[in-house]
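# Sequence and predicted structure below; questions after.
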Amino acid sequence: MNKPMPPDSEQALLLRAEAIAGLSFKDLADNLGVAVPSNFKRHKGWTGQLLETALGATAGSKPQQDFVQLGIELKSLPLNYANTPIETTYVCYAPLMKIAGLTWANSNVKNKLQKVLWVPVQGEPEIPIAERIIGTPFLWQATAQQDALLQQDWEELMDLIALGKVETITARHGQMMQLRPKAANGRALTQAIGEDGNIIQTRPRGFYLRKEMTQMILEQHFS
DNA sequence: AGCTGATCATAC
DNA sequence: GTATGATCAGCT
């Protein structure tokens, strides 16, 4: 087994990520002493956990970056045969209460996305999980245009939440980033602002990057 | 076929 | 419940 300590620099992290590029999930899982599931039905976060372990991210459920001291967030990005994202990318929980004073600049979304180490992986369902290959990693920071697009979406969604209209928000809102349920199941409830400014119970929500967003990020680095 | 809404595992 | 890691699966 070889479970590394956290990298002490951005370069060390990138080198480590580059070192596992080209390995299959089975190769890496074997090195780490981890079992490979035959499907993701009950192991949805498996790939992300595998990469976290391999790169020395601190496991935990803290609302911050994977590598806090480096200001870097780690994200796996499953691609199909066309090298296009297969799924949206979860960013973070959405605040539904006590949102006075929140701005794009001090938002959790902006903080999380300050700098991201994207690790493309094969996600084509046809490829057995054990055989899927880890791709070439790259560091990304939003361009001014991308930041503006994300800010637009964040402000639109947060405005609706602040106005007590969270229940009217669907995944169709937002050009590059959307709001969707984020919970263990449909019975999970949390507090939110209601239409009359009162407190209501609603399903917890999370921010997700649309595939169009991650596709744009990919094209920016591989074209 | 693709998307939206729902769901699964785990830590605390 | 909150928050991390995401993918599943029913519906349009």
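The structure has been received and is ready for your questions.

# how about the nearest residue to the residue in chain A that DNA strand B sits nearest to, chain neighbours excluded?
Closest approach between chain A and DNA strand B, counting by Cβ to the nearest atom of the strand: A:Gly186, at 2.8 Å. Quick note: C-beta positions are derived from backbone N, CA and C, even for glycine. Among residues not flanking A:Gly186 along the chain, A:Arg203 sits closest, at 6.9 Å (Cβ to Cβ, 6 or more residues apart in numbering).

# got it, and A:Thr190?
A:Pro204 (4.6 Å).

# count of neighbours near the one you found?
Using other Cβ atoms under 10 Å, A:Pro204 has 16 other residues around it.

# quick one: it and A:Lys182, what's the gap?
5 Å (Cβ to Cβ, to the nearest Å).

# Between the two, which contacts overlap?
Common neighbours of A:Pro204 and A:Lys182 (criterion: Cβ atoms under 8 Å, 6 or more residues apart in numbering): A:93-94.

# what ranges do the helices span in chain A?
If DSSP state H is used as the criterion, the helices of chain A fall at A:10-20, A:25-32, A:46-55, A:108-112, A:144-162, A:211-221.

# and the angle for the first one with helix A:25-32?
I take that to be helix A:10-20. Relative orientation of helix A:10-20 and helix A:25-32, computed by axes from the mean of the first three to the mean of the last three Cα atoms, to 10 degrees: 120 degrees.

# Show me what helix A:10-20 is packed up against.
Applying 3 or more Cβ pairs under 8 Å, 6 or more residues apart in numbering; DSSP states H and E, we find helix A:10-20 packed against helix A:46-55, strand A:116-122.

# at 6 Å instead, please
Judged by 3 or more Cβ pairs under 6 Å, 6 or more residues apart in numbering; DSSP states H and E, helix A:10-20 is in contact with helix A:46-55.

# So which residues make contact with the helix it packs on?
Helix A:46-55 has contacts (Cβ atoms under 6 Å, 6 or more residues apart in numbering) with A:3, A:16-17, A:20, A:28, A:32, A:37, A:76, A:119, A:121.

# Please spell out which residue in chain A sits farthest from the middle.
Distance from the C-alpha centroid of chain A peaks at A:Asp196, with 33.0 Å (Cα atoms, centre = their mean).

# circling back to that earlier point, residues contacting the residue nearest to A:Thr190?
Counted by Cβ under 6 Å, 6+ apart, A:Pro204 has contacts A:182-183, A:188, A:190.
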